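1. Dropping a prediction and its sequence here:
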Amino acid sequence: MSKQIFSVDYVNLLLELLKIDTVTPMETGKPSNILKAQNLYANFALNRMGDMCKVIQHDSPSAEVLNADCIPLTVRERARQMGESFWDSQPNLVLRFGEERSYEQTIMFNFHMDTVDQLLPVTFDNNKFVGRGAVDMKGPGVGLLAGIESALKQKPDILDHISILVQCVSGEEGGAMGVYGTKQLVEKGYFGRFNLFVEPSGGVYFDQSSTSMTARINISGKDSTDDAPHQGHNASLLLGYLAQWLMKNLSTRIEDIKGKMCLSGLHTGYMHNKVFGTGQLLMNFAYVTEESGRQIKNWVEEEIEYALINFKKEFSTLSSTVLTARDAKDICHLEWIKEGLPVLKNRNFEVEQLLNKLGLQRNPDNQLDKAFTCDAMWVVRPDIYTAVYGPGNLGVNNAHAKDEYITRQEIEKFSSFIRGLLITYITSIPNKSTKEISL
């Protein structure tokens, strides 16, 4: 039996990373220990691979990113709330293996160190790693490093032909959409002719995926006591009505154009003896083309108008809801928390052939619903190729949920793939012209 690529040293590295709180400030409003985790990861790489590896960037994003039009509203709100601590606790790390080369002679890997909220106890039973970030994305990120080291040991002259970049980013989770992580690094030129985003992709790789936009409906009415419900605006009633109306009138249409609709949260209050006049409804919409995204946005805005008209008709004759019905249009406000983001959509015949030889299957075009939104959307150009692949499955491995896990076998298989990819890539791709497939 061949020696394991994901050795005991890598097991210990992953366990140490899982113990570090790298929950995104986007979800907690509190600083994160992402810097500590990235330092551990970088120092491990430097100690293992010596002069072959260099840290070429490790710093916090600039607040100037907020000047871009595409920045989600929630990022602006959290950055304003936290100030400098928001940026200081979310640095981005870039490692380079080999000399600096043009992007045509570079392969780039990306994974994120930030995690969602709700830390989990870290356990390992010699087979299964359990902990927040086990599958999304600390486990795969450590497996990536193990695969790179194994490839360089087996074929040291890889770095005579190509450079390898590893982006270890913040700002992937919590709705940040990579705008102050991956996007900023790509704008600085940290990408390659082939770019692989390490994500738990469920056994296939995809080079097309959806992107999401988020709508927030705010109700800004006045409260009232339960003894006089007619004197207040009933945000619970109005938001509940809007939620049902939008689901009933939009979900099928959105699915018909390969999109997804998610009613993700409705909140007014917790007291039983009060009419709540304020509240909000959150909705998420995934789209597979920028054109379909614009279509969904138009549908949402139109249907909210229709819903408010019908709400007024239905509830204007009830004594306890007449005020809400009368003022519905005035107290209801739609804002787009994020919109207009790009989608991942590219093809490359040669790289696809290589991945097929390595045993990977491309996610079929008729199953785009299996693909998901990630930072890969920021690395789309006519002369490069970007794909998403990694060990595990978001659902099966409980990513973002209780008992998130990944097995050592899953990581080992992924590390072996990375080794094979790098060894094969230098003989299959760099000296050939790129053949793009127009979509």
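-> Cool, got the structure.

2. Can you give me the distance of the residue most central in space within the chain to residue 110?
-> The centroid of the chain falls nearest to residue 374 when counting by C-alpha atoms, centre = their mean (3.8 Å). Going from residue 374 to residue 110 by C-beta to C-beta, to the nearest Å gives 9 Å. For the C-beta atoms, the positions are set from N, CA and C on the backbone; glycine is no exception.

3. what sits in contact with each of those two?
-> residue 197 (C-beta atoms under 8 Å, 6 or more residues apart in numbering).

4. low-confidence ranges in the protein?
-> For the chain, applying pLDDT under 70 flags the ranges 1-2, 429-439.

5. quick revisit: and the residue nearest to the centre of the chain, how close does it get to residue 144?
-> 15 Å.

6. cool, residue 154 as well?
-> For residue 154, the distance to residue 144 - C-beta to C-beta - is 16 Å.

7. quick one: which of the two has more around it?
-> residue 144 (25 against 13; other C-beta atoms under 10 Å).

8. could I get stretch 313-332 in PDB with only the CA atoms?
-> C-alpha atoms of stretch 313-332 as PDB (Å, rounded to 0.1, in the frame of the first residue of the first chain):
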ATOM      1  CA  LYS A 313     -58.500  45.000  -1.100                       C
ATOM      2  CA  GLU A 314     -58.500  41.900   1.200                       C
ATOM      3  CA  PHE A 315     -57.900  43.600   4.500                       C
ATOM      4  CA  SER A 316     -59.300  47.100   4.300                       C
ATOM      5  CA  THR A 317     -62.700  46.000   5.700                       C
ATOM      6  CA  LEU A 318     -61.500  44.400   8.800                       C
ATOM      7  CA  SER A 319     -61.400  46.700  11.800                       C
ATOM      8  CA  SER A 320     -58.100  45.500  13.200                       C
ATOM      9  CA  THR A 321     -56.300  45.700   9.900                       C
ATOM     10  CA  VAL A 322     -57.800  48.700   8.200                       C
ATOM     11  CA  LEU A 323     -54.800  51.000   9.100                       C
ATOM     12  CA  THR A 324     -52.300  48.400   7.800                       C
ATOM     13  CA  ALA A 325     -54.200  48.000   4.600                       C
ATOM     14  CA  ARG A 326     -54.500  51.800   4.100                       C
ATOM     15  CA  ASP A 327     -50.800  52.500   4.700                       C
ATOM     16  CA  ALA A 328     -49.300  49.300   3.200                       C
ATOM     17  CA  LYS A 329     -47.600  51.000   0.300                       C
ATOM     18  CA  ASP A 330     -46.200  53.800   2.400                       C
ATOM     19  CA  ILE A 331     -44.700  51.600   5.200                       C
ATOM     20  CA  CYS A 332     -43.400  48.800   2.900                       C
END
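
9. How about residues contacting it?
-> Contacts of stretch 313-332 (C-beta under 8 Å, 6+ apart): 217-221, 229-234, 237-238, 241-242, 277, 304, 308, 311-312.

10. Check stretch 198-206 too.
-> For stretch 198-206, using C-beta under 8 Å, 6+ apart, the contacting residues are 109-111, 135-137, 140-141, 144, 344, 355, 360-363, 368, 370-372, 374, 376, 387-397, 399, 406.

11. Just the ones in helices from those residues, please.
-> Judged by DSSP state H, the contacts of stretch 198-206 include 140, 141, 144, 355 as members of helices.

12. so what's the first one up against?
-> Each residue near residue 140 by C-beta under 8 Å, 6+ apart is listed here: 111, 198, 199, 200, 390, 391, 392, 406, 411, 414.

13. One more pass at 6 Å, please.
-> 198, 390, 391 (C-beta atoms under 6 Å, 6 or more residues apart in numbering).

14. Tell me the most packed of these, by neighbour count.
-> Neighbour counts for the contacts of residue 140, by other C-beta under 10 Å, peak at residue 390, which reaches 29 neighbours.

15. quick one: it and residue 152, what's the gap?
-> Separation of residue 390 from residue 152 (C-beta to C-beta) stands at 20 Å.

16. What ranges does the stretch 251-400 of the chain have for its helices?
-> 290-315, 322-331, 349-357 (DSSP state H, counting those that start in this stretch).
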